[in-house]
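*Asks:* coordinates only, sequence not included:
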């Protein structure tokens with residue numbers, strides 16, 4: 001049990017809020033009001049009020065009259081009326097010249113005041129080099145677009161005031177130039193070298209290959225279909241097609257497999273499996289299957305022209321222990 005700090009009644013706090021001080025929301029609200037009154041009447045509270053109200057634009061406009069003219073001008077401009085800066089007469093937009101060098105595109109001096117006080121000066125634009133007229137000598141550009149184009153050309157790259165040279169980094173292994181992303185992520189290797197290190201881990205390699213085969217949705221090609229018919233006629237439900245990535249053995253995907261007897265049949269294409277890169281890979285594949293205790297038979301694509309020889313080869317493989325075809 002605890003005593004409330006305001007009403008001083010005994011109450012039992014909840015399980016979820018054991019450090020409760022007030023018995024109800026009303027007591028909590030009254031405590032908040034009391035604290036606010038103390039703070040606002042204190043020295044710190046008065047100093048904060050002064051800082052806030054003295055720097056506020058509405059307070060300055062009402063007290064000292066600062067910014068009242070701008071406030072009135074914007075209201076009149078929305079209605080289509082402008083106040084001349086010389087004679088200070090409120091006139092319609094028709095009585096003013098168009099001037100693209102200003103942000104609103106209209107001069108602040110009316111036509112009558114321009115004739116009396118100033119004359120138009122003929123000038124050449126700094127960027128587009130077209131002739132234009134202005135009432136001031138400082139203007140260099142005929143419009144705001146030309147000014148923006150000049151800024152984008154001059155203050156770009158090394159000329160910009162916030163420019164910082166990015167250090168050029170090279171890969172630790174292959175000595176290639178790294179991208180700008182390497183500067184942000186503080187990497188020391190390029191993307192290709194980094195992926196090669198990742199694929200050395202078999203668990204990561206198996207995950208990536210399985211996800212890849214799911215997206216590809218591979219189906220058997222024409223020679224694989226012919227071999228499937230032969231196997232289904234000779235041995236029903238013994239050899240299954242696994243070339244779509246259902247089974248992966250140390251990063252290698254066999255074509256046909258018999259799990260009970262631990263036998264694999266691979267179908268090699270005449271073009272793709274005669275490439276020098278593929279020949280090296282196939283050697284590793286054969287060694288991997290033999291290490292795991294599988295018996296392997298290789299059938300080439302040109303052998304399917306004579307189906308009788310292929311059937312004899314498969315029957316002999318199923319009876320005898322043939323390691324290589």
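*Replies:* Thanks, I have the structure now. Source: prediction; values computed, not measured.
*Asks:* need the strands for this structure, in chain order.
*Replies:* In the chain, the segments counted as strands under DSSP state E are 2-3, 10-11, 81-83, 90-92, 96-98, 106-110, 121-124, 131-134, 240-241, 256-258, 263-268, 295-300.
*Asks:* For residue 155, which non-adjacent residue is closest in space?
*Replies:* Nearest residue to residue 155 in three dimensions, chain neighbours excluded: residue 161, at 7.3 Å (CB to CB, 6 or more residues apart in numbering). Placement of C-beta: from N, CA and C, glycine included.
*Asks:* Can you give me the neighbour number for the one you found?
*Replies:* Other residues near residue 161 come to 5 when the count uses other CB atoms under 10 Å.
*Asks:* Show the backbone phi and psi for it.
*Replies:* With angles defined as degrees, to the nearest 10, residue 161 sits at phi -70, psi -20.
*Asks:* I figured it was touching residue 151, is that so?
*Replies:* No: Residue 161 lies out of contact with residue 151 (CB atoms under 8 Å); the separation is 11.9 Å.
*Asks:* ok, residue 213 - contacts?
*Replies:* 244, 245, 253 (CB atoms under 8 Å, 6 or more residues apart in numbering).
*Asks:* quick one: it and residue 230, what's the gap?
*Replies:* Using CB to CB, to the nearest Å, residue 213 is found at 25 Å from residue 230.
*Asks:* I'd like the average pLDDT over stretch 208-216.
*Replies:* Across stretch 208-216, the average pLDDT comes to 83.
*Asks:* related to what we said a few turns ago, ok, now how distant is the residue nearest to residue 155 from residue 126?
*Replies:* In terms of CB to CB, residue 161 sits 20 Å off from residue 126.
*Asks:* And residue 312, by the same measure?
*Replies:* Going from residue 312 to residue 126 by CB to CB gives 90 Å.
*Asks:* Could you do residue 176 as well?
*Replies:* Relative to residue 126, and taking CB to CB, residue 176 is found at 44 Å.
*Asks:* one step back: buried ones among the contacts of residue 213?
*Replies:* Neighbour-count burial (16 or more other CB atoms under 10 Å) applied to those gives 245, 253.
*Asks:* Which single one of the contacts of residue 213 is nearest to residue 171?
*Replies:* Each of those was scored against residue 171 by CB to CB, and residue 253 proved nearest at 31.0 Å.
*Asks:* Report pLDDT for that closest one.
*Replies:* Per-residue pLDDT puts residue 253 at 88.
*Asks:* per-residue confidence at the spatially closest residue to it that is not a sequence neighbour?
*Replies:* Closest residue to residue 253 apart from its sequence neighbours, by CB to CB, 6+ apart: residue 245 at 5.7 Å. Predicted confidence (pLDDT) for residue 245: 84.
*Asks:* Residue 282 now?
*Replies:* 92.
*Asks:* check contacts around the residue nearest to it when sequence neighbours are not counted.
*Replies:* Distance criterion CB to CB, 6+ apart; nearest residue to residue 282, sequence neighbours excluded, is residue 273 at 6.2 Å. Residues near residue 273 by CB under 8 Å, 6+ apart: 279, 282, 300.
*Asks:* mind checking how far the closest residue to residue 141 other than its chain neighbours is from residue 240?
*Replies:* Nearest residue to residue 141, sequence neighbours excluded (CB to CB, 6+ apart): residue 147, at 4.5 Å. Using CB to CB, residue 147 is found at 73 Å from residue 240.
*Asks:* Around residue 256, how many other residues sit close by?
*Replies:* Neighbours of residue 256 under the rule other CB under 10 Å: 23.
*Asks:* typo on my end, residue 33
*Replies:* Residue 33: 9 neighbours (other CB under 10 Å).
*Asks:* Give me the below-cutoff pLDDT ranges for the stretch 1-150 of the chain.
*Replies:* Within the stretch 1-150 of the chain, the ranges that satisfy pLDDT under 70 run 35-41, 43-72, 100-101, 103, 114-119, 136-137.
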